[in-house]
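Peer 1: Dropping the sequence and predicted coords here.
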Amino acid sequence: MFVMSSPSGAGKTTLSRRLLDAEKNITMSISVTTRKPRPGEVDGEDYHFLSKERFDHMVARKDLLEWATVFGNSYGTPKAPVEAALAAGRDVLFDIDWQGTQQLAQAMEDDLVRVFILPPDADTLRTRLISRNQDTSAVVAKRMAEAPREISHWAEYDYVIINEDFDVAHEEVLAILKAERLKRKRQVGLTDFVRKMTAKL
């Protein structure tokens, strides 16, 4: 489970999309949310857009690996698709905040890799929030006000990337994924491979 978190506007969604384009054995965990779709968002691709009642029903049934309320809207990760992907040997990418990451760590820490994306500075963060044209000026101000609290959780993550240049940040994300895949505990069948090889030496 490969988590990328950041304050709004730091670039995690762009980096997530580039990672999915570059890596074939990783699948996106599509969150459920009670918020309304933004322009261009597609139900079932960007999010599963649900009513508050249906979301609460999933929480009550323990159908979510993690969930949180952010800016008045609820977000969560459906459990079944993640478990199915992991069972099939696929990595799963999460674009979630620090609250969700903490809950995932409590549920499945051994399978978790946490990456925090930071903007190079406050001005760049503000510019990116404004230039994406998704939010009103009031919402942009609210997101900027919330950014210090989100950033304060950076030390809970395994890796931190300062996203000044998207190409460089993308290469750093790829390097983390490749290194984590090469960890001994994640190489399925390695013990048998070594045993068979040494038997013939």
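Peer 2: Arrived safely.

Peer 1: hey, let's count contacts and neighbours off CA atoms from now on
Peer 2: Fine.

Peer 1: Strands of this structure, start to end?
Peer 2: Taking DSSP state E as the test, the strands found in the chain are 2-5, 26-28, 32-33, 48-49, 64-70, 73-78, 91-95, 113-118, 159-162.

Peer 1: Next, format those strands as TSV and append mean neighbour count, mean pLDDT and distance to E150.
Peer 2: Converted to TSV, the strands of the chain look like this (neighbours: other Cα atoms under 10 Å; pLDDT from 0 to 100; distance: least, Cα to Cα, whole Å):
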stretch	mean neighbour count	mean pLDDT	distance to E150
strand 2-5	25	96	9
strand 26-28	20	95	22
strand 32-33	24	96	19
strand 48-49	20	96	24
strand 64-70	18	89	11
strand 73-78	21	93	16
strand 91-95	21	94	14
strand 113-118	23	97	10
strand 159-162	18	98	13
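
Peer 1: Of these, which is nearest E180?
Peer 2: Closest to E180 of the strands of the chain, according to Cα to Cα: strand 113-118, at 7.8 Å.

Peer 1: What lies in contact with the closest one?
Peer 2: Residues from elsewhere that reach strand 113-118 (Cα atoms under 8 Å, 6 or more residues apart in numbering): 1-7, 10-12, 101, 151, 154, 157-163, 180.

Peer 1: Give me the distance from it to the chain's centre.
Peer 2: 8 Å (Cα atoms, centre = their mean, to the nearest Å).

Peer 1: what about dumping the CA coordinates of that strand to PDB?
Peer 2: Output of strand 113-118 as PDB, limited to C-alpha atoms (Å, rounded to 0.1, in the frame of the first residue of the first chain):
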ATOM      1  CA  VAL A 113       4.800   2.900   2.500                       C
ATOM      2  CA  ARG A 114       4.100   6.500   3.400                       C
ATOM      3  CA  VAL A 115       5.300   9.500   1.200                       C
ATOM      4  CA  PHE A 116       4.600  13.100   2.100                       C
ATOM      5  CA  ILE A 117       4.700  15.700  -0.600                       C
ATOM      6  CA  LEU A 118       5.700  19.300   0.400                       C
END
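
Peer 1: strand partners of it, parallel vs antiparallel please.
Peer 2: strand 2-5 (parallel), strand 159-162 (parallel) (DSSP bridges).

Peer 1: What lies in contact with stretch 130-139?
Peer 2: Here stretch 130-139 makes contact (Cα under 8 Å, 6+ apart) with 38-39, 129, 140.

Peer 1: Quick one: the residues you listed as CSV, columns for distance to G189, neighbour count and pLDDT too.
Peer 2: As requested, the contacts of stretch 130-139 are exported to CSV (distance: Cα to Cα, whole Å; neighbours: other Cα atoms under 10 Å; pLDDT from 0 to 100):
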residue, distance to G189, neighbour count, pLDDT
R38, 44, 11, 84
P39, 45, 8, 84
L129, 45, 23, 87
V140, 49, 20, 84
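
Peer 1: now, which of the residues you listed sits nearest V82?
Peer 2: The nearest member of the contacts of stretch 130-139 to V82, counting by Cα to Cα, is R38 at 24.6 Å.

Peer 1: Look up the closest residue to the closest one, ignoring the ones flanking it.
Peer 2: Leaving aside its sequence neighbours, R38 sits nearest to Q134 (Cα to Cα, 6 or more residues apart in numbering; 6.7 Å).

Peer 1: I'm done for today, thanks for sticking with me.
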